[in-house]
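Participant: how would this look folded up:
(chains A and B)
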2 protein chains.
Amino acid sequence: MQIAIALYERFTALDAIGPYQTLGLMPGAEVVFVAERTGPVRDDQGRLGLVADKTFAEVPDPDILVVPGGPGQSDQMENEELLGWLRTADATSTWTTSVCTGSLALAAAGLLRGRRATSHWLALDMLAGLGVESTAQRVVFDGKYVTAAGVSSGIDMGLTLVGRIAGDEAAQSIQLMTEYDPQPPYDAGSPDKAPAHLVDRFRGRSRFREAATG
Amino acid sequence: MQIAIALYERFTALDAIGPYQTLGLMPGAEVVFVAERTGPVRDDQGRLGLVADKTFAEVPDPDILVVPGGPGQSDQMENEELLGWLRTADATSTWTTSVCTGSLALAAAGLLRGRRATSHWLALDMLAGLGVESTAQRVVFDGKYVTAAGVSSGIDMGLTLVGRIAGDEAAQSIQLMTEYDPQPPYDAGSPDKAPAHLVDRFRGRSRFREAATG
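Facilitator: Residues are numbered from 1 along each chain as shown, chains lettered A, B, ... in the order given. All right, here's what the predicted structure looks like:
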């Protein structure tokens, strides 16, 4: 089972690694990181380089495709190199998935029209503006399309999808071996729970602010 | 504030990325991935290459050092390239940290003798065998030494440490922007919670089995 994780400049590292560290441990899984060109792709902090081992053209028909989000997604919304590959790969995929603002790229490729999907909490209005039934749930299934909310939600998405594909025991095994027994020191992981002034601050700075207000 | 994350062949990706995606977002943080040689370092699945931008020698005195775990840790227990650097970096660090079996490398370097620390649940006996007061807590502080349990616990460790260094609001901001509001689809993330037969299966296969029984 081939799992292709798409990379582009200024992706968010954990968006890609959450699904990698869950889906990638499924029996029979074979992950490949893909991008326009092979070689290191830099993340949004610029401090991390993750190697793309294959080009998009070399991986035309993965069983599962994963699109991470990140600030760099804004530059991808008209990039036919990525969007064209998403359409091609989606044509034969068993599952088409995203984390965070990766769903905006799926939507830009025309793959989520009229479907239920999620994204980073700051990007939900933008997602709705692309003709998607935007929802704030953490992991959303609509047919073969599986979208996850912001950054860390890709871990929950990955485990959920492993359960669907390989069964509960496979997913529980991965959860146990990655010791995913979360104990966050704060309860500020969503806009409903975080201090309101922090939510307001990030809304004010968001690159989606214009889209959200108009 | 320089944060050095050490890489070696067959590290576990999320061990490194959990702290990266939390500590690295702290105001003033500057992360650098370091290894014996610069260039891509392959993880334990072999599917991921993460670029080390500096050698150990080039980063002698980080403020924070982070040692991820992974199967490759077994090969590091007598590797003076890594262990010597850990001692050097620790001599001036403000915080010395690990995720998963990274604590075994810290212990092998002689840095945890008589201290309280944790590790992956399968490695706790091995850690005790190295003269450490081994404990199954998820995040353990002992002076400037901060150790986290298996793989995903590095996220909780990172957020906790951001709180200590930069305050609650900085940590909550990072939690909010990474949407770290975990909703695992199963409750199997620790040996106390997972189905007993899965725990037994992994204990039986563990590379620490000999250490644990003898």
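Participant: from here on, contacts and neighbour counts on C-alpha atoms
Facilitator: Will do.
Participant: how near is the spatially most central residue of chain A to A:Pro60?
Facilitator: In chain A, the residue lying closest to the centroid (Cα atoms, centre = their mean) is A:Val99, at 1.7 Å. Here the criterion is Cα to Cα, to the nearest Å. By it, A:Val99 lies 20 Å from A:Pro60.
Participant: and for A:His197, the neighbour number?
Facilitator: When counting by other Cα atoms under 10 Å in any protein chain shown, one arrives at 9 neighbours for A:His197.
Participant: now A:Val31, what's its secondary structure?
Facilitator: Secondary structure state of A:Val31, per DSSP: H, G, I helix; E, B strand; the rest coil, is strand.
Participant: identify the bridge partners of it.
Facilitator: Here A:Val31 shows beta-bridge partners A:Ile3, assigned using DSSP bridges.
Participant: just to check, it is in contact with A:Ala6?
Facilitator: No: with contacts defined as Cα atoms under 8 Å, A:Val31 does not count as touching A:Ala6, sitting 10.7 Å away.
Participant: quick one, which of the two is more surrounded?
Facilitator: With neighbours defined as other Cα under 10 Å, A:Val31 and A:Ala6 compare such that A:Ala6 has more, 26 against 22.
Participant: please enumerate the helices of chain A.
Facilitator: Per DSSP state H, chain A has helices spanning A:13-23, A:80-92, A:102-108, A:124-129, A:153-166, A:168-177, A:196-205, A:209-213. These are given in chain order.
Participant: let me know whether the fifth one sits next to chain B.
Facilitator: Yes: applying Cα under 8 Å from any Cα of the partner chain, one finds helix A:153-166 touching chain B at A:Ser153, A:Ile155, A:Asp156, A:Leu159, A:Thr160.
Participant: list the buried ones in that helix?
Facilitator: Of the residues in helix A:153-166, A:Ser153, A:Gly154, A:Ile155, A:Asp156, A:Met157, A:Gly158, A:Leu159, A:Thr160, A:Leu161, A:Val162, A:Gly163 count as buried by neighbour count, 16 or more other Cα atoms under 10 Å in any protein chain shown.
Participant: residues touching A:Gln2, list them.
Facilitator: With contacts taken as Cα atoms under 8 Å, 6 or more residues apart in numbering or on different chains, A:Gln2 has the following neighbours: A:Ala29, A:Glu30, A:Val31, A:Val32, A:Pro62, A:Asp63, A:Ile64.
Participant: quick one: contacts for the third one?
Facilitator: So the one you mean is A:Val31. In this structure, A:Val31 makes contact with A:Gln2, A:Ile3, A:Ala4, A:Ile5, A:Tyr20, A:Gly24, B:Arg47, judged by Cα under 8 Å, 6+ apart.
Participant: any idea how far A:Gly69 is from A:Gly150?
Facilitator: On the measure of Cα to Cα, A:Gly150 and A:Gly69 end up 8 Å apart.
Participant: list the residues that contact both of the two?
Facilitator: Any residue near both A:Gly150 and A:Gly69 by Cα under 8 Å, 6+ apart counts here, and that gives A:Asp15, A:Val99, A:Cys100, A:Thr101.
Participant: shaky segments in chain A?
Facilitator: Across chain A, the stretches falling below the confidence threshold (pLDDT under 70) are A:210-214.
Participant: the same query, at a cut-off of 80, please.
Facilitator: Low-confidence segments of chain A (pLDDT under 80): A:209-214.
Participant: that older thread, which of the contacts of A:Val31 lies closest to B:Arg116?
Facilitator: Distances from B:Arg116 to these, taken as Cα to Cα, are shortest for A:Tyr20 (31.4 Å).
Participant: how far off centre is stretch A:184-202?
Facilitator: Chain-centre distance of stretch A:184-202: 21 Å, with Cα atoms, centre = their mean, to the nearest Å.
Participant: and that stretch, which residues are buried?
Facilitator: A:184-191, A:194-195, A:198-199, A:202.
Participant: one more: stretch A:34-41?
Facilitator: For stretch A:34-41, burial by neighbour count (16+ other Cα under 10 Å) applies to A:Val34, A:Ala35, A:Glu36, A:Arg37, A:Gly39, A:Pro40, A:Val41.
Participant: filter these down to the ones near chain B?
Facilitator: Cross-checking the buried residues of stretch A:34-41 against chain B (Cα under 8 Å from any Cα) gives A:Pro40 as the overlapping residues.
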